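*Asks:* Just a sequence and a predicted model for now, questions to come.
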Amino acid sequence: MVTNPKAKELEEKGKVEYNNFTLWPHFHKEKMNWASGIRTKRDTEIIVIASTGRDPLEDAPCRTPDEERAGKGKVVGDIKEQTRQVLWDIKQALEMMGASLKDIFLFHYFLPRREDVFDFRDEMYRFFKEFEPDLRENPRMSVLLRGVGLDLKEMYVEIEVWAVVPGRKE
């Protein structure tokens with residue numbers, strides 16, 4: 001959390017209560033596009049999902065060491081198309097597990113090419129606006145790593161998300 005008294009006051013006033021967690025926005029001079037932190041509520045479970053821009057219809061696992069060394073794999077398009085594919089995969093996985101995009105409290109973004117960050121963000125914000133505007137309105141905690149190595153040279157983005165849902169009654 002912040003030490004600046006005014007920013008601290010803004011964070012406390014601006015906190016957002018969700019069913020399963022409380023989100024504290026991050027402030028410097030103004031509200032930033034990431035959160036300071038979250039705290040889960042009650043009996044909750046954490047879901048962790050990671051996805052890349054692999055083509056869901058064309059990609060297949062490497063079956064031999066030669067295929068692995070050759071970087072065999074199929075991804076979709078450019079940074080924008082891969083970003084949309086990754087977010088779609090994450091949305092689908094969350095829904096399959098009984099969660100939604102709104103349940104996400106943490107994003108890890110991995111981009112090999114530093115110059116892709118603005119196209120990545122533009123597409124991510126478009127996706128949020130279309131499928132879960134709350135992610136744009138109340139940004140979650142996030143980590144952006146640029147200049148990282150990913151599995152394939154044509155792979156421009158990988159995203160990991162953490163979400164919180166009510167605990168199952170067994």
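*Replies:* Good, I have the coordinates.
*Asks:* C-alpha only now, for contacts and for neighbours.
*Replies:* Will do.
*Asks:* which helices and strands does the lengthiest helix in the chain pack with?
*Replies:* Ranked by number of residues, the top helix in the chain under DSSP state H is helix 79-96. Helices and strands touching helix 79-96, by 3 or more CA pairs under 8 Å, 6 or more residues apart in numbering; DSSP states H and E, are strand 44-52, helix 117-131, strand 158-166.
*Asks:* what comes up buried for it?
*Replies:* Across helix 79-96, burial judged by 16 or more other CA atoms under 10 Å covers 79-87, 89-91, 93-94.
*Asks:* same deal with stretch 156-170?
*Replies:* For stretch 156-170, the neighbour count (16+ other CA under 10 Å) marks 156-166 as buried.
*Asks:* Pull the residues that contact it.
*Replies:* Taking contacts as CA atoms under 8 Å, 6 or more residues apart in numbering, the residues outside stretch 156-170 that touch it are 20-21, 40, 42-53, 78-79, 82-83, 86-87, 90, 99, 103-113, 116, 150.
*Asks:* Buried among these? Make that a ChimeraX selection.
*Replies:* Selecting only the buried entries of these in ChimeraX, with 16+ other CA under 10 Å as the criterion:
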select :20,21,40,47,50,51,52,53,78,79,82,83,86,87,90,99,103,104,105,106,107,109,110,111,112,113,116
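*Asks:* hang on, the earlier thing: would you reformat the helices and strands packed on helix 79-96 as TSV and include mean pLDDT?
*Replies:* Listed next are those as TSV, based on pLDDT from 0 to 100:
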stretch	mean pLDDT
strand 44-52	90
helix 117-131	97
strand 158-166	93
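*Asks:* so which strand or helix has the residue nearest the centre of the chain?
*Replies:* By CA atoms, centre = their mean, the chain has its centre lying nearest to F107, at 3.5 Å. Taking DSSP states H and E as the definition, one finds F107 inside strand 104-111.
*Asks:* Just give the strands next to that strand in its sheet, each with its orientation.
*Replies:* The pairing partners recorded for strand 104-111 under DSSP bridges are strand 141-146 (parallel), strand 158-166 (antiparallel).
*Asks:* just how off-centre is it within its chain?
*Replies:* Strand 104-111 sits 3 Å away from the centroid of its parent chain (CA atoms, centre = their mean, to the nearest Å).
*Asks:* Equivalent analysis for stretch 107-121, please.
*Replies:* Taking CA atoms, centre = their mean, one finds stretch 107-121 lying 11 Å from the centre of the chain it belongs to.
*Asks:* From the opening residue of it to its closing one, how far?
*Replies:* Start to finish, the residues bounding stretch 107-121 are 13 Å apart (CA to CA, to the nearest Å).
*Asks:* contacts for it?
*Replies:* The contact list for stretch 107-121 (CA under 8 Å, 6+ apart) reads 79-80, 83, 140-150, 156-162.
*Asks:* Right, I'll call it a day here.
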